[in-house]
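**Q** Give me coordinates for this.
(one chain, ligands or ions: 1)
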Amino acid sequence: MMRPNCRVCKVCNGAACKGEIPGTGAMGDGSSWTNCTEFLSRVKLNLDTVYENRGQDTTLEIFGHSFKYPIFAAPIGGMNHNYNGAITDRDWTFSLVRGAKAAGILPFTGDNGNDAQYELGLEAAKENEGLNVITLKPWRDNDKLIRRAKEMEAAGCIAFACDIDAAGFVNMGRDISQIGPKSVEELRELTSSVKIPFLLKGVMTAKGAEKAAEAGCAGVIVSTHGGRVIQSAPGTCEVVPEIRAAVGDSLKVIADGAIRSGTDIFKALALGADAVMIGRPFVVAAHGGGAEGVALYAESLGGQLRNVMLMTGAADLAGITADKIRL
Ligand SMILES: Cc1cc2nc3c(=O)[nH]c(=O)nc-3n(C[C@H](O)[C@H](O)[C@H](O)COP(=O)(O)O)c2cc1C
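**A** The predicted structure follows:
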């Protein structure tokens, strides 16, 4: 179903699809994606099963909600131009949002020049108790963002986001003139227009995270759009410790890029993330099994995470600390 754009490789690491945008790949030489995979492979786990077993609680408390796992499903747009249209954007959106809810994780959906994608996300959020975080493009027109933020708040959305790293994303085609970077003041105007929390997606430096905090964001998603917006960026998890050190507990920090297993989730949390975001494999799951596929994939990741916690002596997410990994 996914040919030719996604080969459903055994290891989803950007090797086969590099440079394929539109498509599922990372930009140019693909290095911003492969750097994520390589960095994660250099982080090692410290095995320790000598402790009083209190079980392994994977619950994440965030934005006033309790989730079963610290896993967010990433916004992925364009089933037609990035994949091959075997499933529609509607099927994808509803498979993702319903499957995520069934598994107890939080989904995100996207936005593009065509209002339909945003509206689908809103419809899915309304159907699922607001449990969908719509990720708006960084439209130059701040009033458009504010209008949509108010609409999402009225619809009961738990939070909203903006992929600020799409500021110069070539895949936006003729809409590229409508998007761009945003100042702290513009972001503050947006965050203060509503009460629901706002996440800035595509932050890769401590300075960027400090600016997000200044702008009133609730959190940052440490991300390069799966390597799709720039080449030669460091692995996203590589910069998580410095971002955490810069912002302390003032912001939620979400690690996004090449996270593929419970082991990777554990590493990201030990490096300082509150949660992880995972993209492409959820699309594979939805092609294979719709909402059920999405839920099964999330459950499988959660089971793997629980096993790593057992093998390293972490009773809950707060117990996933830096001393449990080795660089
Ligand atoms: C085909 C494709 C489409 C994407 N569309 C969006 C989007 O519309 N909005 C967005 O914020 N991120 C988008 N992303 C980036 C993902 O949200 C996420 O950051 C990335 O896929 C994470 O890396 P992973 O796939 O290695 O887990 C897209 C990624 C891919 C591969």
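
**Q** hmm, who's touching stretch 80-93?
**A** Residues outside stretch 80-93 that contact it (C-beta atoms under 8 Å, 6 or more residues apart in numbering) are 1-6, 21-24, 76-79, 95, 109, 116-117, 120-121, 124, 171, 283, 286-287, 290. Just so you know, the C-beta spots here come from the backbone N, C-alpha and C atoms, and that holds for glycine as well.

**Q** what subset of those residues is also close to the ligand?
**A** Filtering the contacts of stretch 80-93 for proximity to the ligand by C-beta under 6 Å from any ligand atom leaves 24, 76-78.

**Q** And these, which two are furthest apart?
**A** Pairwise distances across these (C-beta to C-beta) peak at 11.7 Å, for the pair 24 and 77.

**Q** Residue 230 in helix, strand or coil?
**A** Following DSSP: H, G, I helix; E, B strand; the rest coil, we place residue 230 in the coil state.

**Q** List phi and psi for it.
**A** The phi/psi pair for residue 230 (degrees, to the nearest 10) reads phi -160, psi 150.

**Q** nearest spatial neighbour of residue 322, skipping sequence neighbours?
**A** residue 270 (5.7 Å; C-beta to C-beta, 6 or more residues apart in numbering).

**Q** My read is that residue 78 contacts residue 21, right?
**A** No: judged on C-beta atoms under 8 Å, residue 78 makes no contact with residue 21 at a distance of 10.2 Å.

**Q** Find residues that contact each of those two.
**A** What both residue 78 and residue 21 touch, as defined by C-beta under 8 Å, 6+ apart, is the set residue 171.

**Q** Give me the subset of the contacts of stretch 80-93 that lies in strands.
**A** residue 109 (DSSP state E).

**Q** The nearest residue to residue 109 once chain neighbours are set aside: what's it in contact with?
**A** Nearest residue to residue 109 in three dimensions, chain neighbours excluded: residue 121, at 3.7 Å (C-beta to C-beta, 6+ apart). Residues near residue 121 by C-beta under 8 Å, 6+ apart: 93, 97, 109-111, 132, 134.

**Q** Make JSON lines from the residues you listed and add secondary structure, pLDDT and neighbour count to it.
**A** As requested, the contacts of residue 121 are exported to JSON lines (DSSP: H, G, I helix; E, B strand; the rest coil; pLDDT from 0 to 100; neighbours: other C-beta atoms under 10 Å):
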{"residue": "93", "secondary structure": "helix", "pLDDT": "98", "neighbour count": "27"}
{"residue": "97", "secondary structure": "helix", "pLDDT": "98", "neighbour count": "26"}
{"residue": "109", "secondary structure": "strand", "pLDDT": "98", "neighbour count": "27"}
{"residue": "110", "secondary structure": "coil", "pLDDT": "97", "neighbour count": "22"}
{"residue": "111", "secondary structure": "coil", "pLDDT": "96", "neighbour count": "25"}
{"residue": "132", "secondary structure": "coil", "pLDDT": "98", "neighbour count": "33"}
{"residue": "134", "secondary structure": "strand", "pLDDT": "98", "neighbour count": "27"}
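
**Q** Please consider this matter closed, and thank you.
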